[in-house]
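Trainee: Sequence first, predicted coordinates after that:
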Amino acid sequence: MKLSPLDEKLPNFLHDYLPIEPKDDKVFVTLTYAQSLDSKISSGPGIRTVISHPETKTMTHYLRYHHQGILIGTSTLLVDDPGLNCKWNPFNETTNLDKYSPRPIVIDMKRQWNFKGSKMEQLYLQKKGKSPIIVVNKLPTHADQEENVDYFVYDNSDVIDWELLFLNLKNKYNIKSIMVEGGGNVINQLLLRHDLVNSLIITIGSVYLGENGVSVSPSSNVQLSDVKWWVGTTDSVLSCRLKNNKDSS
Ligand SMILES: NC(=O)C1=CN([C@@H]2O[C@H](COP(=O)(O)OP(=O)(O)OC[C@H]3O[C@@H](n4cnc5c(N)ncnc54)[C@H](O)[C@@H]3O)[C@@H](O)[C@H]2O)C=CC1
Ligand SMILES: Nc1nc(O)c(N)c(N[C@@H]2O[C@H](COP(=O)(O)O)[C@@H](O)[C@H]2O)n1
């Protein structure tokens, strides 16, 4: 599907929140997702829900263009069958999109997902997306390993320490910027990590998804700084940084 044109104000609006001129050697992490007015990112567990208007969907692909990796949690992987490629580039190219696409990093500790037959594989085979790094807690036996994927074995524990994961992804795969797209569980954890997250970019759609929806609501208070708003046709976008709570008065 063809994307709508990128709103001309968005590149300037987003510039300071993207890894365009990274200031240090740490992995640049952008937390980004689309939510409803009642802070839901889907209308229920197991349901893929479109929230973004076409103009903010294009923005998501613009964000993907600017990152080397794109990370999602297990439920999002299983529910959405996501492509995670990038359809936007400044040259309006529509072929060989793999070179503009971030590397998918998918959390699948217990190996519940198959690359074979997925939308991600389809895009990879058509040179429209990159192959994934699958984060597992144990290397599958040779017979169970899939073709064209990398397994990153996180064997410290079943619970990923994000700092360690990001560091390892940089050291092993040279991934210096990661866009985390969700879902709710992963976002709620990382909203508490001002030490790891450089930018937060939230699309807010003009819809309520109701009490059965998957919520973004971190377990404690999160303060934001450098807040900026972009207002579109039906959606708005909030760009900001996470504040160190110790700094707030
Ligand atoms: N509107 C939007 O922008 C987005 C919406 N979604 C929606 O979100 C929903 C899925 O969200 P959730 O159910 O909250 O699940 P999720 O996608 O955050 O995955 C949670 C699972 O990932 C694994 N995981 C997460 N953190 C881990 C850690 N530190 N160590 C080890 N494993 C870990 C666990 O298996 C956990 O149960 C879907 O309906 C999807 O469509 C997902 C991404 C973006
Ligand atoms: N930006 C945004 N808006 C929405 O309304 C969404 N539902 C999502 N979901 C995220 O995008 C992934 C799907 O990506 P592909 O189009 O298949 O490449 C999905 O897995 C969520 O991470 N995002």
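Mentor: Done, it's in. Ligands and ions are numbered 1, 2, ... in the order given.
Trainee: Need phi/psi at the residue nearest the centre of the chain.
Mentor: For the chain, the residue nearest the mean C-alpha position is residue 181 (2.4 Å; C-alpha atoms, centre = their mean). When quoted as degrees, to the nearest 10, the phi and psi of residue 181 stand at phi -100, psi -10.
Trainee: ok, now residue 81?
Mentor: Main-chain dihedrals, residue 81, degrees, to the nearest 10: phi 40, psi 60.
Trainee: got a list of what it touches?
Mentor: 118, 119, 120 (C-beta atoms under 8 Å, 6 or more residues apart in numbering). In short, each C-beta sits where N, CA and C put it, glycine included.
Trainee: Can you name the residues that contact the second one?
Mentor: Right, the one you point to is residue 119. Applying C-beta under 8 Å, 6+ apart, the residues near residue 119 are 81, 82, 83.
Trainee: returning to that earlier point: could you check how far the residue nearest to the centre of the chain is from ligand 1?
Mentor: 5 Å (C-beta to the nearest ligand atom, to the nearest Å).
Trainee: change the start of the numbering to 342 and stick with it
Mentor: Noted, 342 is the first residue going forward, which turns the last one into residue 522.
Trainee: Show me the beta-bridge partners of the residue nearest to that residue when sequence neighbours are not counted.
Mentor: Once flanking residues are discounted, residue 522 sits nearest to residue 413: 5.4 Å by C-beta to C-beta, 6 or more residues apart in numbering. On the basis of DSSP bridges, residue 413 is bridged to residue 447, residue 523.
Trainee: sorry, back to before: can you tell me which of the contacts of residue 460 is nearest residue 445?
Mentor: Using C-beta to C-beta, the shortest approach to residue 445 within the contacts of residue 460 belongs to residue 423, at 7.9 Å.
Trainee: My guess is the closest one contacts residue 461. True?
Mentor: Yes. Using C-beta atoms under 8 Å, residue 423 is in contact with residue 461, at 6.9 Å.
Trainee: Okay, now stretch 456-463: how far is its last residue from its first?
Mentor: End-to-end span of stretch 456-463 (C-alpha to C-alpha, to the nearest Å): 9 Å.
Trainee: coming back round to it: in strands only, show me the contacts of residue 422.
Mentor: Of these, none are assigned to strands by DSSP state E.
Trainee: Closest one of these to ligand 1?
Mentor: Nearest to ligand 1 out of these is residue 460 (C-beta to the nearest ligand atom; 13.3 Å).
Trainee: quick check, residue 513 in a helix?
Mentor: Yes. Residue 513 forms part of a helix when assessed by DSSP: H, G, I helix; E, B strand; the rest coil.
Trainee: so what's it up against?
Mentor: Contacts of residue 513 (C-beta under 8 Å, 6+ apart): residue 493.
Trainee: from memory the residue nearest to residue 522 sits against residue 525, does it?
Mentor: No. Residue 413 is beyond contact range of residue 525, at 11.3 Å (criterion: C-beta under 8 Å).
Trainee: hang on, the earlier thing: so how far is ligand 2 from the residue nearest to residue 522?
Mentor: Using C-beta to the nearest ligand atom, which is the criterion applied here, residue 413 is 5 Å from ligand 2.
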